[in-house]
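Student: Next input, structure requested:
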Amino acid sequence: MPEKTINKKVVENLAELSRLDLTDREKEKLVKDLNSILDYVKELEEVPTQGINLDFVKKTEKEFRQDIINNEVIASNDELIAGFKEQKDKRLKIPPVFN
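Tutor: Purely as a prediction, here's the structure:
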């Protein structure tokens, strides 16, 4: 059986970086699930792929749209500012993003 590269400490570090609050049960399940995924990837790495023709894969080139400069003025700054409910001296008050 392949060596386990994910342990509880690794999962706790990932949870902290992801700002996830995990129970001990969830951590143990993640350890098991992540190691299972890594074991499967290791199995796939052992599949011989030499001589496999990948010509059927369609190669596409990225299509870029042209940048078009539009100097048309839709509304003046004063018109845009007038649309805000709360304002003072051309400063706009918006609702909080985070509570």
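Student: where exactly do the strands run in the protein?
Tutor: In the chain, the strands defined using DSSP state E lie at 86-88, 91-93.
Student: Which one of these lies nearest to V10?
Tutor: The minimum distance between V10 and the strands of the chain falls on strand 91-93, with 44.7 Å, by CB to CB. For the C-beta atoms, the positions are set from N, CA and C on the backbone; glycine is no exception.
Student: same for the closest one, what does it pack against?
Tutor: strand 86-88 (3 or more CB pairs under 8 Å, 6 or more residues apart in numbering; DSSP states H and E).
Student: Count the residues that sit near the closest residue to I6 other than its chain neighbours.
Tutor: When the adjacent residues along the chain are set aside, I6 lies closest to L34, with 4.4 Å between them (CB to CB, 6 or more residues apart in numbering). The local packing count at L34 equals 17, with neighbours defined by other CB atoms under 10 Å.
Student: roughly how far apart are L34 and N7?
Tutor: Counting by CB to CB, to the nearest Å, the gap between L34 and N7 amounts to 10 Å.
Student: And for S36?
Tutor: Relative to N7, S36 is positioned 14 Å away (criterion: CB to CB).
Student: With K93 instead?
Tutor: In this structure, K93 and N7 are separated by 49 Å, where distance is defined by CB to CB.
Student: residues of the longest helix seen in the chain that come out buried?
Tutor: Within the chain, and with DSSP state H defining each element, the longest helix by residue count is helix 24-45. Judged by neighbour count using 16 or more other CB atoms under 10 Å, the buried positions of helix 24-45 are 27, 30-31, 34-35.
Student: Stretch 8-24 now?
Tutor: Of the residues in stretch 8-24, those with enough neighbours to count as buried (16+ other CB under 10 Å) are 10-12, 22.
Student: can you tell me the average pLDDT over that stretch?
Tutor: Along stretch 8-24, the predicted local confidence has a mean pLDDT of 95.
Student: quick one: it to chain centroid distance?
Tutor: 18 Å (CA atoms, centre = their mean, to the nearest Å).
Student: got it, and stretch 74-90?
Tutor: The mean C-alpha position of stretch 74-90 is separated from the chain mean by 35 Å, CA atoms, centre = their mean.
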